[in-house]
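S.K.: this is the structure alone, sequence omitted:
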């Protein structure tokens, strides 16, 4: 795309893009760190994740100020308008991802208070899938690749399936070991957090797709494969 | 019977274009200023013509009421209709045409007459008023529609040129309205006005849009976005893109449109 006649306008948009990218990278790091702390039952590391969330909050504010400045000074239209609006929405979404990572860290601390419980293996798979979704969608953003964004958007189904499996696995363990219900409930919530992170990655994909093409992806509803909110598990 | 049922009243119908340009070409001597432009203009819409200087938008606008007839070197080809009738037909009375297709210019140009006579002039020469009371009525209603009545009703005898720039422009709009036009052409009507006067003219355009087809040439992207329902982007004599204003300003289809409205033209 050609540069703006006004160079300062390009710089402002560049600043905004850089904040969004930094936030994406940070959110991914937070997720990895939270899952590592959970797996290694490391309270110090979990505390660190909780404290680090502030950086994402700060960046979100910075993005908001930058975007409002662009609106006020440039009255952006067309691609620029889509870019600025999407940046605002994306930073909000990424901040939410950070909140989910922080919540995983909080639950790690709670899980550690009682007798240690082995982390359900599927959670690791879920986290890995969620992390790759964040990474790939942020790559699609940086490289302006609408197809790649669409590909991430379609991948949410796999994570939903993993979540359904993890949900059942954890419930089965609860029935087998009622004494661990407290800790396992936290794992259940962590699985939900990971599933939500995947949803947020698809939300980012929608924003990236819209920024590049001007077409709203949510017009074509994504197939929802997460049944855990409507399903009851009956005792066998 | 069938004829009655299918007959469309051009004054109220909004589906058939009020004016339609088909393959219009304009030359100034050897200069091909407008290149094969086709564009439909509707009664209940404001259409903005945007584009860089020299892109042909004002030239095209001036074809719509044959203002280009006054330019000796200017040649217009193609077909332009008003309610289906060719406006370049030799039988067309141009004075009558310009009453139906009124025009407001960039710089307010009131006649060096009283406010009253500025408005009364057109209806008088077109024989729209039989008595003085009819004329009073037209003057009052036109000023009312132009949102100027309250500001000038106590000084209708003062010269129009004594009004502020913004008031003068609204006086010119009232003057155009006074002869019951069907289409109003505006050539950068706010470029000589301050933001408050501009806002008043824009509010007025918004008020008027249900009654007239309004076509406005503007250099302000934001003004086009604010006041028009349709936007046409001209560049080097071509009509590059034409569509819903919101679509043009959020997701233009053509790269040239995008580059122009976002300020990327080299």
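M.R.: On my side now, so go ahead. All values reported here derive from a predicted model rather than from experimental measurement. Numbering: from 1, shown residues only, chains lettered A, B, ... in the order given.

S.K.: and the residue nearest the centre of chain B, what does it touch?
M.R.: When Cα atoms, centre = their mean is applied to chain B, the residue found nearest the centroid is residue B:185 (1.1 Å). Contacts for residue B:185 (Cβ atoms under 8 Å, 6 or more residues apart in numbering or on different chains) come out as B:61-62, B:64-65, B:101-104, B:215-216. All C-beta spots, glycine's among them, are computed from the backbone N, C-alpha and C.

S.K.: quick one: average pLDDT of stretch B:153-165?
M.R.: In this model, stretch B:153-165 has a mean pLDDT of 96.

S.K.: list the contacts of the closest residue to chain A within chain B.
M.R.: Nearest residue of chain B to chain A: residue B:251, at 3.0 Å (Cβ to the nearest Cβ). When the contact criterion is Cβ under 8 Å, 6+ apart, the partners of residue B:251 are A:78, A:82, A:213-215.

S.K.: pLDDT value on it, please?
M.R.: 95.

S.K.: that one and residue B:243, how far apart?
M.R.: In this view, residue B:251 and residue B:243 are 10 Å apart by Cβ to Cβ, to the nearest Å.

S.K.: repeat that for residue B:175.
M.R.: Counting by Cβ to Cβ, the gap between residue B:175 and residue B:243 amounts to 32 Å.

S.K.: those two: which is more packed in?
M.R.: Neighbour tally, residue B:175 and residue B:243, criterion other Cβ atoms under 10 Å in any protein chain shown: the higher count belongs to residue B:175, 27 against 17.

S.K.: give the helix, strand or coil label for the more buried one.
M.R.: The three-state label given to residue B:175 by DSSP: H, G, I helix; E, B strand; the rest coil is helix.

S.K.: ok, it touching residue B:119?
M.R.: Yes. Between residue B:175 and residue B:119 there is a contact under Cβ atoms under 8 Å: 5.6 Å.

S.K.: next SSE after the strand or helix carrying residue B:97?
M.R.: Residue B:97 is part of helix B:94-100 when elements are defined by DSSP states H and E. Counting by DSSP H and E, the next helix or strand C-terminal to helix B:94-100 is strand B:101-104.

S.K.: residues in contact with residue 86?
M.R.: Assuming you mean chain A. A:207-208, A:210-211.

S.K.: nope, chain B
M.R.: B:79-80, B:92.

S.K.: in contact with the closest residue to chain B within chain A, which residues?
M.R.: In chain A, the residue that lies nearest chain B is residue A:214 (3.0 Å; Cβ to the nearest Cβ). Residues near residue A:214 by Cβ under 8 Å, 6+ apart: A:79, A:82, B:250-251.

S.K.: flag every residue of chain B that's near chain A.
M.R.: Listed as neighbours of chain A in chain B under the rule Cβ under 8 Å from any Cβ of the partner chain: B:221-222, B:225, B:248-252, B:257-259, B:261-266.

S.K.: swap in 6 Å and give it another go.
M.R.: Counting by Cβ under 6 Å from any Cβ of the partner chain, the residues of chain B close to chain A are B:222, B:249, B:251-252, B:258-259, B:261-264.

S.K.: any idea which helix is longest in chain A?
M.R.: helix A:78-113 (DSSP state H).

S.K.: any idea how far the helix or strand that residue A:19 is a member of is from the middle of the chain?
M.R.: Here residue A:19, judged by DSSP H and E, is contained in helix A:7-39. The gap between where helix A:7-39 is centred and where its chain is centred comes out at 11 Å by Cα atoms, centre = their mean, to the nearest Å.

S.K.: show the average pLDDT along that helix.
M.R.: For helix A:7-39, mean pLDDT is 97.

S.K.: ok, then the element right after it?
M.R.: helix A:43-74.

S.K.: what about that next one, near chain B?
M.R.: No. Counting by Cβ under 6 Å from any Cβ, chain B is not contacted by helix A:43-74; separation bottoms out at 8.1 Å.

S.K.: which neighbouring elements make contact with that helix?
M.R.: Applying 3 or more Cβ pairs under 6 Å, 6 or more residues apart in numbering or on different chains; DSSP states H and E, one finds that helix A:43-74 contacts helix A:7-39, helix A:78-113.

S.K.: got the contact list for the residue nearest to residue B:35 when sequence neighbours are not counted?
M.R.: Distances taken as Cβ to Cβ, 6 or more residues apart in numbering or on different chains put residue B:237 closest to residue B:35, at 4.1 Å, once the chain neighbours are dropped. Neighbouring residues of residue B:237 by Cβ atoms under 6 Å, 6 or more residues apart in numbering or on different chains: B:33-35, B:56.

S.K.: these into CSV, with extra columns for neighbour count and pLDDT?
M.R.: Below are the contacts of residue B:237 laid out as CSV (neighbours: other Cβ atoms under 10 Å in any protein chain shown; pLDDT from 0 to 100):
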residue, neighbour count, pLDDT
B:33, 21, 96
B:34, 27, 97
B:35, 16, 97
B:56, 23, 96
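
S.K.: show me these that map onto strands.
M.R.: Those of the contacts of residue B:237 mapping onto strands are B:33-35, per DSSP state E.

S.K.: ok, of these, which one's closest to residue A:108?
M.R.: Closest approach between the ones in strands among the contacts of residue B:237 and residue A:108, by Cβ to Cβ: residue B:35, at 68.4 Å.

S.K.: list the buried residues in stretch A:101-110.
M.R.: For stretch A:101-110, the neighbour count (16 or more other Cβ atoms under 10 Å in any protein chain shown) marks A:101-109 as buried.

S.K.: against residue B:120, how distant is residue B:150?
M.R.: Counting by Cβ to Cβ - residue B:150 and residue B:120 are separated by 19 Å.

S.K.: try residue A:179
M.R.: Distance of residue A:179 to residue B:120, given as Cβ to Cβ: 97 Å.

S.K.: more crowded one of these two?
M.R.: Applying other Cβ under 10 Å to residue A:179 and residue B:120 shows that residue B:120 carries more neighbours, namely 23 against 11.

S.K.: which parts of chain A sit against chain B?
M.R.: Residues of chain A lying close to chain B (Cβ under 6 Å from any Cβ) are A:2, A:4-5, A:75, A:77-78, A:80, A:214.

S.K.: out of the contacts of residue B:86, grab the one that's most surrounded.
M.R.: Greatest neighbour count in the contacts of residue B:86, by other Cβ under 10 Å, goes to residue B:80: 23 neighbours.

S.K.: check for me that that one belongs to a helix.
M.R.: No. Going by three-state DSSP, the assignment for residue B:80 is strand, not a helix.

S.K.: contacting residues for it?
M.R.: B:21, B:87.

S.K.: any idea what it is bridged to?
M.R.: Beta bridges link residue B:80 to residue B:21, judged by DSSP bridges.

S.K.: any regions of the stretch 151-266 of chain B where pLDDT drops low?
M.R.: Scanning the stretch 151-266 of chain B for pLDDT under 70 picks out the ranges B:266.

S.K.: same for the helix holding residue A:19, what does it pack against?
M.R.: Using 3+ Cβ pairs under 6 Å, 6+ apart: helix A:7-39 touches helix A:43-74, helix A:78-113, helix A:121-142.

S.K.: just send those back as a markdown table, with mean pLDDT too.
M.R.: A markdown table is the format used below for the helices and strands packed on helix A:7-39 (pLDDT from 0 to 100):
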| stretch | mean pLDDT |
| --- | --- |
| helix A:43-74 | 97 |
| helix A:78-113 | 95 |
| helix A:121-142 | 97 |
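
S.K.: can you report how many residues lie near residue A:136?
M.R.: Residue A:136, neighbours per other Cβ under 10 Å, totals 18.

S.K.: nearest residue to it in space, please, no chain neighbours.
M.R.: If the residues on either side of it in the chain are set aside, residue A:136 comes closest to residue A:152, at 5.0 Å by Cβ to Cβ, 6+ apart.
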